[in-house]
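Engineer: Quick one, fold the following:
(chains A and B, ligands or ions: 1)
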Amino acid sequence: MIWNYFLITASISTTSWGVAAFIHKKEGFRNSLVIAGILSIALFIAFLWIQLERPPLRTLGETRLWYAFFLPIIGFITYWRWRYHWMLYYSLALSLIFLLINYLHPENFSKTLMPALQSPWFVPHVVVYIFAYAFLAASSLVAIRGLYQFYKNKLTPKLMLMADNLVYLGFAFLTLGLLFGALWAKEAWGHYWTWDPKETWAFITWMGYLVYIHFRYQHVSKSKAALWILALAFVILLVCWFGINYLPSAQFSIHTYSKAP
Amino acid sequence: MNKPLWESPWAYMESFLISFGLVLIGFLLEFSIPNHPEVKIVYPLNLILGLCFVALVILLYFLLRKIRIIRFLSGIPASIGAVVAFAALVILMGISPQVPMQGKNIITTLKLNDLTSSWSFLLINLYVLLVLGLVILQKLERFKRRNWGFICSHLGLWITIFTVGLGAGDLQRLRMDLHVNKTEWKAYDGEGKYYEMPLAIHLNHFQIDEFHPKLAVVENSSGKLYEASKPSMIMIEKKLQCKLHQWNVEVSEFYASSGRSGDRYYQMFDYGAAPAAFVKVTTSSSDTLSGWISCGSFNHQHESLKLNRDFSLLMTVPEPRKFSSEVTIFTPDGSKVNQTLEVNKSYSVNGWKIYQLSYDEKMGKYSELSIVELVKDPWQIYVYIGVFLMMIGSVYMFWQGSKLRQKATSMVLSEDL
Ligand code: HEM
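Structural biologist: Residues are numbered from 1 along each chain as shown, chains lettered A, B, ... in the order given. Sure, this is the predicted structure:
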């Protein structure tokens, strides 16, 4: 039953965004279609939450849903603020890719939630992280765009500012996510940080963006190097998120619930 | 641009040489002083060493700030070098499993399996603290009101790293095995050494709530979970009808607690009672199968339903929803409190924090053993100060965005282009 609703949701979003791209010129109507697509995902998440009787934040597939929800929101806000149409379409496309992955990898929608995760920290910790990753993913799109512009000698200050803004917002959320996680762990298990593989890679990601921020601060004119740092930081972020299960250290992760059956 | 190495002003080359040099020195130390015993620096020595370090940083800054090296150390290139070297160590940690290992090989000699207690990690931490400390002092000396966000994040980070490091020696983590209706006052550490505690715990009752068990199909030959299609496990409910791979399964009876008598199960609540269900299975081609399945318990047989030569339908052992210990805690001053300990709900007494950790998993919900963890961490409050400063810094960052960079970027880039 949950699966059928997912199919309906995915079709609504795909259709409304597809049409939105088509009627690119009629801005008002296009924007309503974009929002309709976002709303349909929101409704599905709410439905899932009620059905599962727990926050749908446990498995990779469930977090992908949240990305599919937050990315277009961030894309829309950035578009609204800086009038970048391409940012809107990129984020919509990325969101559809997440929905597609969920379609190709159906998973169990299981109600069980281990006692360790039943905490008031659970929702803020994961939601803040998802927000951070969505902002940072958006910033890496800007970085790729920026590098393209750079090699065509067309790099604009506006683009660098957009990259900075997205990184600052994403980094603020990422820091909060790490800190929430540490406080939660201390309250629940008595240690802040165990250097578990997932935590380790989250920390490396954090440091990648830390380098970007400081490099930009000092060397405002070295856009090329800054953009490369930003693109590289995103590769680390992807390792943290997808690749972690393939690393030799992963078999010892306590965060294995993310691939629970 | 192409200045010789080590000629001032120092920049990135020098910065990376210093920071990675420290990492290298750390590994060399590991090599030359093998098997050094674990030293725990405990109070008051850690406090004294910590204060010395603070004094050293402050003195370096105020006495030697005219020297180029100190100016270099409080700048961005040194910062980035330190952060990148730290990140490199952490990447090593992310790749190589951090678990105890037997035997002598390159990994154990260089402590690649236990990097957080290696020399390299210590040295790079100290270096980060030195650089970050100088950065903060420099900003504080020329303090402007709009710098408060910067001070919060940097000072917060500094305090956090500093106090976690210093506090590590004073942190005690012990376990206590509580048996129902017994009082315990001894706890043991990782090596199995026992300590008498300034408190005693009497376990009145241990309780586990469970989720319903799930239906799953396993391969008869290997006993492995069959995962041809998802979902591969479905939680059992009364009157459930579902499709599991190619089979249609109907649960017509379900007892969360039952026992077998004759050819069927009845609802029962005796010691060791296990869940059971009566299921009807149909495939598209063949006819209907039916029978009782049960996951069993420590003293009841488990029972599965053979679907065909290759597969069987079974019931998984239920997962715990919640486990908790009702305890009475006594302290030497004669006070006594009743408390319920639960995962994510700890209780503090006499400087110790008590966490519900585990139980006898073989016995499941009939466990008469509850394992709790006792943690004493006198430095926690200082770590929290650092963490909260960093949180304020993050909120500031979120609020301000990169506003401060805007003018500079616009100017520089429009000149360039
Ligand atoms: C929580 C982590 C950190 C955050 C959020 C952060 C953020 C920032 C920000 C936003 C600035 C710009 C300050 C301004 O606008 O005035 C800055 C500057 C700076 N940061 Fe960090 N930083 C962090 C960690 C570090 C670390 C670990 C180091 C060094 C090891 C460092 C060294 C510096 C330096 C040297 C500056 C330049 C200060 C100046 O010359 O005015 N930061 N940082």
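
Engineer: Is B:P9 in contact with B:S15, as I believe?
Structural biologist: No: here B:P9 does not reach B:S15: they are 11.1 Å apart, not a contact under Cβ atoms under 8 Å. Backbone N, C-alpha and C define where each C-beta goes, glycine included.

Engineer: which of those two has more neighbours?
Structural biologist: Summary of the neighbour comparison: B:P9 and B:S15, criterion other Cβ atoms under 10 Å in any protein chain shown, with B:S15 having more neighbours (23 against 11).

Engineer: okay but the more buried one is in contact with B:G81, surely?
Structural biologist: Yes: with contacts counted by Cβ under 8 Å, B:S15 reaches B:G81, the gap being 3.2 Å.

Engineer: phi, psi of the nearest residue to B:C295 once chain neighbours are set aside?
Structural biologist: Leaving out its chain neighbours, the residue that sits closest to B:C295 by Cβ to Cβ, 6 or more residues apart in numbering or on different chains is B:M315, at 4.3 Å. Here the main-chain torsion angles of B:M315 (degrees, to the nearest 10) amount to phi -110, psi 130.

Engineer: do you know how far B:M315 is from chain A?
Structural biologist: According to Cβ to the nearest Cβ, to the nearest Å, B:M315 stands 14 Å off from chain A.

Engineer: Run through the residues of the stretch 251-400 of chain B sitting next to the ligand.
Structural biologist: Taking Cβ under 6 Å from any ligand atom as the criterion, the neighbours of the ligand within the stretch 251-400 of chain B are B:390, B:393, B:397.

Engineer: Provide a list of residues in contact with the last one.
Structural biologist: Which is B:M397. Contacts for B:M397 were tallied using Cβ atoms under 8 Å, 6 or more residues apart in numbering or on different chains; they are A:168, A:171-172, A:175, B:149, B:153.

Engineer: ok, back up a step: got any residues that touch both of B:P9 and B:S15?
Structural biologist: With contacts defined as Cβ under 8 Å, 6+ apart, the residues adjacent to both B:P9 and B:S15 are B:F72.

Engineer: Is chain A within reach of the helix ranked longest in chain B?
Structural biologist: If each helix of chain B is counted by residues according to DSSP state H, the longest one is helix B:119-141. No: in terms of Cβ under 8 Å from any Cβ of the partner chain, no part of helix B:119-141 sits within range of chain A; the closest distance is 10.0 Å.

Engineer: chain center to the helix or strand following that helix, what's the gap?
Structural biologist: Tracing the chain past helix B:119-141, the next element assigned as helix or strand by DSSP states H and E is helix B:148-167. Taking the mean C-alpha point of helix B:148-167 and that of its whole chain, the gap between them comes to 21 Å (Cα atoms, centre = their mean, to the nearest Å).

Engineer: Dump helix B:148-167 to PDB, keeping only the CA atoms.
Structural biologist: As requested, the backbone C-alpha atoms of helix B:148-167 are provided in PDB (Å, rounded to 0.1, in the frame of the first residue of the first chain):
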ATOM      1  CA  TRP B 148      31.700  37.900  18.100                       C
ATOM      2  CA  GLY B 149      30.600  35.100  15.800                       C
ATOM      3  CA  PHE B 150      34.200  34.400  14.900                       C
ATOM      4  CA  ILE B 151      35.200  34.300  18.600                       C
ATOM      5  CA  CYS B 152      32.300  31.900  19.500                       C
ATOM      6  CA  SER B 153      33.100  29.400  16.800                       C
ATOM      7  CA  HIS B 154      36.800  29.400  17.200                       C
ATOM      8  CA  LEU B 155      37.000  29.700  21.000                       C
ATOM      9  CA  GLY B 156      34.300  27.100  21.200                       C
ATOM     10  CA  LEU B 157      36.200  24.700  19.100                       C
ATOM     11  CA  TRP B 158      39.400  25.400  21.000                       C
ATOM     12  CA  ILE B 159      37.700  24.700  24.400                       C
ATOM     13  CA  THR B 160      36.100  21.600  23.100                       C
ATOM     14  CA  ILE B 161      39.300  20.000  21.800                       C
ATOM     15  CA  PHE B 162      41.300  21.100  24.800                       C
ATOM     16  CA  THR B 163      38.900  19.900  27.500                       C
ATOM     17  CA  VAL B 164      38.100  16.600  25.700                       C
ATOM     18  CA  GLY B 165      41.800  15.900  25.500                       C
ATOM     19  CA  LEU B 166      42.500  16.900  29.100                       C
ATOM     20  CA  GLY B 167      39.500  15.100  30.400                       C
END
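
Engineer: per-residue confidence averaged over it?
Structural biologist: Per-region confidence: helix B:148-167 scores 95 on mean pLDDT.

Engineer: Quick one: list the elements packing against that helix.
Structural biologist: Secondary structure elements in contact with helix B:148-167, counted by 3 or more Cβ pairs under 8 Å, 6 or more residues apart in numbering or on different chains; DSSP states H and E, are helix B:45-64, helix B:119-141, helix B:380-400.

Engineer: May I see the ones you listed organised as a markdown table, with distance to A:W228 and mean pLDDT added?
Structural biologist: Converted to a markdown table, the helices and strands packed on helix B:148-167 look like this (distance: least, Cβ to Cβ, whole Å; pLDDT from 0 to 100):
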| stretch | distance to A:W228 | mean pLDDT |
| --- | --- | --- |
| helix B:45-64 | 33 | 94 |
| helix B:119-141 | 24 | 95 |
| helix B:380-400 | 23 | 93 |
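
Engineer: Output those helices in a markdown table; the columns should cover distance to A:H219.
Structural biologist: As requested, these are arranged in a markdown table below (distance: least, Cβ to Cβ, whole Å):
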| stretch | distance to A:H219 |
| --- | --- |
| helix B:45-64 | 24 |
| helix B:119-141 | 17 |
| helix B:380-400 | 20 |
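
Engineer: tilt between the helix or strand that contains B:S79 and helix B:119-141?
Structural biologist: In this structure, B:S79 is located in helix B:76-95 according to DSSP H and E. With axes from the mean of the first three to the mean of the last three Cα atoms, to 10 degrees applied, the angle from helix B:76-95 to helix B:119-141 works out at 150 degrees.

Engineer: picking that back up, out of the contacts of B:M397, which touch the ligand?
Structural biologist: Counting by Cβ under 6 Å from any ligand atom, A:175, B:153 from the contacts of B:M397 sit close to the ligand.

Engineer: can you list the contacts of B:M397 in TSV and add distance to B:V218?
Structural biologist: Formatted as TSV, the contacts of B:M397 follow (distance: Cβ to Cβ, whole Å):
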residue	distance to B:V218
A:Y168	51
A:F171	46
A:A172	47
A:T175	45
B:G149	57
B:S153	52
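
Engineer: tell me which of the contacts of B:M397 is nearest to the ligand?
Structural biologist: Closest to the ligand out of the contacts of B:M397 is B:S153 (3.9 Å), distances taken as Cβ to the nearest ligand atom.

Engineer: wait, doesn't the closest one sit right on B:F398?
Structural biologist: No: under the criterion of Cβ under 8 Å, B:S153 lies out of contact with B:F398, with a separation of 11.4 Å.

Engineer: When the two are compared, which one has more neighbours?
Structural biologist: Remark: of B:S153 and B:F398, B:S153 carries more neighbours, 21 against 17, as counted by other Cβ under 10 Å.
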